[in-house]
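What follows is a predicted protein model with its sequence.
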Amino acid sequence: MGPDPNAPPPPPGSLTVPPLHGWVVLLVLLGLVIVVAVCFLLIGASTPSDSRSAEWRSWLDARSRAGSIADSDPAATRSAPPGDRSPHGAGGRSGTPIRR
């Protein structure tokens, strides 16, 4: 049951192949990926946040408080951090001091 050999040829410019031939599978896969992504986002938005955000917020609050203490205490800004106290001077091991 192939094409009729006595049928006239199609007129020029007529489509003999459907326009979405071969693309249907890709469109279905793309649709599935979009559906899965939307479900993932909806589930993530509907569940309560875990304790990591609370830990992160407390760390940020502690960091902000530490910065405000250093700003209000002039003696805290004069002393160097423990890592900067080198026997080789302010320039470190290179021997060239940093000019201030």
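All right, it came through fine.

in what helix or strand does Ile43 lie?
helix 24-46 (DSSP states H and E).

got a list of contacts for that helix?
The contact list for helix 24-46 (CB atoms under 8 Å, 6 or more residues apart in numbering) reads Leu20. Quick note: C-beta positions are derived from backbone N, CA and C, even for glycine.

tell me the mean pLDDT for it?
What helix 24-46 shows for mean pLDDT is 94.

can you map out the strands along the chain?
With strands called from DSSP state E, the chain shows none.

Can you list the residue ranges for helices in it?
24-46, 51-72, 74-78 (DSSP state H).

right, and the ones you listed - which one's nearest Leu15?
helix 24-46 (15.5 Å; CB to CB).

Check which residues of that closest one are buried.
By 16 or more other CB atoms under 10 Å, helix 24-46 has no buried positions at all.

CA-only coordinates of it in PDB, if you can.
Presented in PDB, the C-alpha positions along helix 24-46 are these (Å, rounded to 0.1, in the frame of the first residue of the first chain):
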ATOM      1  CA  VAL A  24       7.900  16.300  18.200                       C
ATOM      2  CA  VAL A  25      10.200  14.200  20.500                       C
ATOM      3  CA  LEU A  26      12.400  17.200  21.300                       C
ATOM      4  CA  LEU A  27       9.400  19.400  22.100                       C
ATOM      5  CA  VAL A  28       8.000  16.600  24.400                       C
ATOM      6  CA  LEU A  29      11.300  16.300  26.200                       C
ATOM      7  CA  LEU A  30      11.600  20.100  26.600                       C
ATOM      8  CA  GLY A  31       8.000  20.200  28.000                       C
ATOM      9  CA  LEU A  32       8.900  17.400  30.500                       C
ATOM     10  CA  VAL A  33      12.000  19.300  31.700                       C
ATOM     11  CA  ILE A  34      10.000  22.500  32.200                       C
ATOM     12  CA  VAL A  35       7.300  20.600  34.200                       C
ATOM     13  CA  VAL A  36      10.000  19.000  36.400                       C
ATOM     14  CA  ALA A  37      11.700  22.300  37.000                       C
ATOM     15  CA  VAL A  38       8.400  24.000  37.900                       C
ATOM     16  CA  CYS A  39       7.500  21.200  40.300                       C
ATOM     17  CA  PHE A  40      11.000  21.400  41.900                       C
ATOM     18  CA  LEU A  41      10.600  25.100  42.400                       C
ATOM     19  CA  LEU A  42       7.100  24.800  43.900                       C
ATOM     20  CA  ILE A  43       8.200  22.100  46.300                       C
ATOM     21  CA  GLY A  44      11.300  24.100  47.300                       C
ATOM     22  CA  ALA A  45       9.200  27.200  47.900                       C
ATOM     23  CA  SER A  46       6.500  25.400  49.900                       C
END
